[in-house]
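1. Need the 3D shape of this:
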Amino acid sequence: MSANGIGAAGPPVPAGEWSPWVDLSPYMDAGRWQTTATFAFQSEGKPLSHVKVDWQIGRAADAGTARAMQDDMDGPFSSLVLPGDMKRFPDVVKVASALSQEHYDHVAALGLTPMGDTHIPLETNVLGFGQFYGSERVLGLEMGAAHALGLNSFSDLIGAPNVVASGIGVHRGFLSRWFPYQLWSCPTATSNAKVADDHFAASARAISASDPGALGRHYRNILYDEPGTSNLQHMAKCASCRAGFVKYLKDRGFHVTDFGHAAWDEVAPIPRTEATDSAKRRLHYWSIQYRDYTNAMMVKLASDASRRHLGQDMLTMVNFTDEPINGWSSGLTNGPDWFLYGRLGSTTGLWSEDGASFGPEVSGLVVDMLRAAARPNHLAIGTYIIAGTPSILPQRAWSSLMHGSKMLHFYTWGPFYTFLDGAISDSEEVQRAVSRATHAIAKVDSFLAPAEVGRAEVAILWGKSHEIWQDEHAVGTERRAMYLACQQAHVPVDMVSEDDISDGLLLGYKVLYLAESNVTRAAARAIASWVQAGGVLQMSSGAGMNDEFNEPSGELLRLAGVAVRHVDKPLADYREHAGLPHTSSRGVVRLGATDYWRAASFPILGYSEESAVQGARALGAFSNGKPAATLHRVGRGAVLRFSFMPGMGYFTSAKSVPANAPITGYDPAQLEVLTAALKLGHVVSPLSVSDTMIEAQLLHGPKADVVMLANWSGRANPYVQVTIRGAAGVQSVTSSQGAAVARGEVGKDLVVTLNVDAVDALILEK
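-> Numbers count the residues shown, from 1 in each chain. So this is what the prediction gives:
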């Protein structure tokens with residue numbers, strides 16, 4: 001701002017005088033959407049340490065009709081919050097510092113009991129300092145309000161932000177020092193190691209120079225947000241990547257002729273569109289695997305450099321987008337391979353987000369996927385809880401914790417005028433929801449923090465081979481339905497990869513759910529041996545028909561005792577909250593009562609197949625008499641196969657609601673069909689709950705076990721009965737939320753009844 005106007009050269013505005021009128025409308029969006037106009041004041045080229053500004057803001061350059069506001073700031077900035085259309089929304093016009101005062105006042109008015117620190121970090125991002133305001137007073141208002149809600153870990157506590165945070169009792173934080181963007185240009189470039197090392201060395205020097213103790217108060221560093229994977233087109237042309245690809249293939253024992261070439265210098269990564277014969281399909285499969293390997297190793301290089309300079313004990317993480325998990329993308333092959341990151345130790349922790357909860361199945365499933373990927377190297381796990389959908393925000397946080405997350409980030413404080421994304425600061429409803437969540441966590445924190453999720457008896461395959469070759473939503477939706485069915489049956493689930501299975505991880509599991517069309521031959525052989533030894537396999541339509549190279553594979557069909565003549569795979573949007581409620585059924589399957597389920601009807605959605613029994617027994621038929629469900633006894637085990645996708649029908653049996661609301665009204669008869677494999681496999685859950693809409697998990701701790709309960713029904717349940725197997729001898733049972741608990745014993749089992757509103761935890765002290 002000069003005497004000639006905004007962005008115009010000219011003499012400075014003298015103290016006590018008005019600048020010319022400036023038209024800001026060309027810089028603003030339409031409607032109510034906020035625009036932030038930030039002004040930095042200086043004298044003789046140096047930022048001012050204190051600024052007092054009088055503002056006049058109006059629809060026209062008229063002092064008589066303009067709105068007058070004042071700002072008194074300990075720093076060089078003064079910011080205005082303006083609507084895109086000031087004529088229609090004059091109430092939005094405010095000085096940003098006044099808005100920060102409102103944030104603090106709103107939280108103070110809640111009258112919350114101060115919370116102590118928790119072992120589980122409850123994070124948020126308090127943004128804007130140094131960009132939208134330079135005021136420690138304003139920063140203190142925003143941090144103070146966030147801390148009053150129970151949030152106790154903030155980003156980048158360096159210098160002034162640390163002074164302010166320490167003053168209100170926050171002493172730990174997390175860094176956001178991303179690895180250099182140059183690494184993305186080529187994942188195999190020999191210069192990458194030096195680029196990453198120099199980058200993090202410089203970052204460490206800068207942090208330590210401004211605040212010598214800063215690195216010691218941060219426990220994790222965010223290396224990147226929602227990274228993609230390496231670029232296949234680049235790799236096909238890059239000499240370094242091609243040489244690395246050849247070495248990668250040779251190290252795995254391949255010969256050049258396996259890929260239809262006569263010389264290795266002819267071999268390069270290829271896209272799926274070029275996979276037109278057997279040799280090229282093999283080449284494409286390994287192209288994707290190599291592409292994702294280079295990405296994981298590139299991030300590992302950055303992680304190592306971060307730890308070397310920012311601290312060996314500081315966790316390194318990237319935030320995996322949750323889109324592949326919740327159905328908004330077709331699979332993990334559109335981004336990093338979570339399982340590969342975990343196996344290679346690309347980072348020392350794994351992190352994702354709950355996608356604003358596209359349904360009650362999402363929060364837990366995302367964390368169970370992280371837990372599965374973290375399993376080989378026992379990596380730390382954390383999650384973002386997106387600060388929307390306040391009606392179920394405590395349940396989402398609870399679900400994340402019960403499945404193994406040990407860090408929660410409530411995304412994000414804001415303030416909104418600095419970030420325009422998920423702000424807690426500007427919504428009193430969200431603030432109340434966050435405070436309910438944090439205060440509930442604090443009451444169980446000392447028992448929950450050291451407690452661990454036990455090994456499940458049920459596994460669900462997340463198969464990469466399928467996603468390399470298929471580009472649709474059907475299998476992802478079916479997989480989530482199987483997960484949700486187990487959740488509502490209160491049966492713990494472990495997610496597994498094809499590599500996990502081929503490595504022998506199925507030993508110890510009783511049931512495996514499989515929906516993927518493609519399964520590696522090594523995994524298929526391991527599954528067949530496991531079934532022979534007593535495992536129960538449940539498959540949906542189209543499952544297990546092709547191998548990792550998209551070639552027909554008969555192993556799992558023989559295991560199922562069927563011959564599949566045709567699979568119908570109509571393309572549609574099968575996401576359970578988006579297209580599925582509006583997708584027309586292609587018919588109805590009516591299953592009669594059996595030893596495993598009562599009579600139930602399902603719409604035909606997603607895949608359906610025409611099959612003939614070859615050793616299996618039909619348990620139901622389509623209207624044309626073709627098998628709709630079959631059971632095949634194999635050795636000591638069994639295979640239950642459906643010729644349709646029952647999970648699709650289960651989702652549509654529930655009441656259709658917006659994506660941010662609890663889903664209720666699922667068909668209990670259909671649930672019996674989806675969980676029939678559990679009965680066949682004689683699965684004994686560590687606990688049972690009287691209400692299917694209450695998600696539950698038993699975690700084992702050194703001093704107490706914890707039963708976490710999240711109520712997704714949208715209403716309090718005054719009489720919830722929880723049975724914990726083999727827990728009759730515990731010394732005491734208490735509710736973390738102070739609910740009255742009635743205790744009883746049936747043999748070796750403990751039976752507890754209590755009222756469950758949104759969340760609760762039973763603490764079983766040993």
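2. shouldn't residue 676 be in contact with residue 597?
-> Yes - at 5.3 Å, residue 676 and residue 597 qualify as touching, with contact defined as C-beta atoms under 8 Å. Using the backbone N, CA and C atoms, a C-beta is placed for each residue, glycine as well.
3. just for this protein, where's the confidence low?
-> 1-9, 29-32, 328-330, 356-361, 656, 658-660 (pLDDT under 70).
4. And the residue nearest the centre of it, how close does it get to residue 122?
-> The chain has residue 353 as the residue nearest its centroid, 3.0 Å off, counting by C-alpha atoms, centre = their mean. Going from residue 353 to residue 122 by C-beta to C-beta, to the nearest Å gives 15 Å.
5. Kindly report the same for residue 66.
-> Residue 66 sits at a distance of 43 Å from residue 122 (criterion: C-beta to C-beta).
6. between those two, who's got more neighbours?
-> Each of residue 66 and residue 122 has its neighbours counted (other C-beta atoms under 10 Å); residue 122 has more, 26 against 15.
7. which secondary structure elements does the longest helix seen in the chain contact?
-> If you go by DSSP state H, the chain has its longest helix at helix 278-310. Under the contact criterion of 3 or more C-beta pairs under 8 Å, 6 or more residues apart in numbering; DSSP states H and E, helix 278-310 touches helix 192-210, strand 218-225, helix 232-237, helix 239-251, strand 315-319, helix 338-344, helix 464-469.
8. burial measure for the closest residue to residue 684 other than its chain neighbours, as a count.
-> Spatial nearest neighbour of residue 684, chain neighbours left out: residue 725 (6.8 Å); criterion: C-beta to C-beta, 6 or more residues apart in numbering. Neighbour count for residue 725, taken as other C-beta under 10 Å: 15.
9. Residue 588 now?
-> Counted with other C-beta under 10 Å, residue 588 comes out at 13.
10. Could you pull up the contacting residues of it?
-> By C-beta atoms under 8 Å, 6 or more residues apart in numbering, the contact list for residue 588 reads 601, 602, 603, 604, 623.
11. Among those residues, which one has the most neighbours?
-> residue 602 (29 neighbours).
12. thinking again about what came up before, can I assume the residue nearest to residue 684 is in contact with residue 705?
-> No - counting by C-beta under 8 Å, residue 725 sits too far from residue 705 to count as a contact (11.3 Å).
13. So which residues of the stretch 601-750 of the chain form helices?
-> 646-653, 668-674, 676-680 (DSSP state H, counting those that start in this stretch).
14. Mind putting those into CSV with distance to residue 70 and mean neighbour count?
-> Output for those, formatted as CSV (distance: least, C-beta to C-beta, whole Å; neighbours: other C-beta atoms under 10 Å):
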stretch, distance to residue 70, mean neighbour count
helix 646-653, 55, 25
helix 668-674, 62, 21
helix 676-680, 67, 22
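15. Using TSV, lay out those together with distance to residue 716.
-> Putting those into TSV (distance: least, C-beta to C-beta, whole Å) gives the following:
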stretch	distance to residue 716
helix 646-653	24
helix 668-674	21
helix 676-680	29
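16. and of the ones you listed, who's closest to residue 455?
-> Closest approach to residue 455 among the helices of the stretch 601-750 of the chain (C-beta to C-beta): helix 676-680, 16.0 Å.
17. tell me which strands and helices that closest one is in contact with?
-> strand 511-514, strand 536-539, strand 637-642.
18. Switch those over to CSV; also include mean neighbour count and distance to residue 260.
-> As requested, the helices and strands packed on helix 676-680 are arranged in CSV below (neighbours: other C-beta atoms under 10 Å; distance: least, C-beta to C-beta, whole Å):
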stretch, mean neighbour count, distance to residue 260
strand 511-514, 26, 31
strand 536-539, 27, 32
strand 637-642, 26, 35
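19. mind putting those strands in JSON lines, distance to residue 180 included?
-> Shown next, in JSON lines, are the helices and strands packed on helix 676-680 (distance: least, C-beta to C-beta, whole Å):
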{"stretch": "strand 511-514", "distance to residue 180": "41"}
{"stretch": "strand 536-539", "distance to residue 180": "45"}
{"stretch": "strand 637-642", "distance to residue 180": "49"}
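20. Which among those is found nearest to residue 438?
-> With C-beta to C-beta as the measure, strand 511-514 is the member of those nearest residue 438 (34.7 Å).
21. element containing residue 764, please.
-> For residue 764, the host element (DSSP states H and E) is strand 759-765.
22. And that strand, what's buried?
-> Neighbour-count burial for strand 759-765, counted by 16 or more other C-beta atoms under 10 Å, picks out 759, 760, 761, 762, 763, 764.
23. which other residues reach that strand?
-> 394-395, 398, 437, 440, 443-444, 447-448, 703-711, 722, 724, 727, 730-737, 739, 741, 750, 752, 754.
24. now stretch 546-563
-> Contacts of stretch 546-563 (C-beta under 8 Å, 6+ apart): 275, 278, 281-282, 285, 465, 468-469, 498, 514, 517-521, 524-525, 527-528, 531, 537, 539, 543-545, 564, 611-616, 627, 630, 632, 634, 639, 641.
25. and what of stretch 27-47?
-> 1, 12, 24, 48, 51, 53, 75-85, 88-89, 92, 96, 131-132, 134, 416-418, 420.
26. how about that stretch: buried residues?
-> 28, 34, 35, 36, 37, 39, 41.
27. Now intersect these with the strands, please.
-> Judged by DSSP state E, these include 34, 35, 36, 37, 39 as members of strands.
28. End to end on stretch 216-231, go ahead and measure it.
-> Its start and end residues considered, stretch 216-231 measures 36 Å (C-alpha to C-alpha, to the nearest Å).
29. How about stretch 675-689?
-> 15 Å.
30. try stretch 200-218
-> This stretch, stretch 200-218, spans 15 Å end to end (C-alpha to C-alpha).
31. Provide the contact partners of that stretch at residue level.
-> Looking at stretch 200-218 with C-beta under 8 Å, 6+ apart, the contacting residues turn out to be 157-159, 162, 171-175, 177, 179, 302, 305-306, 308-311, 314.
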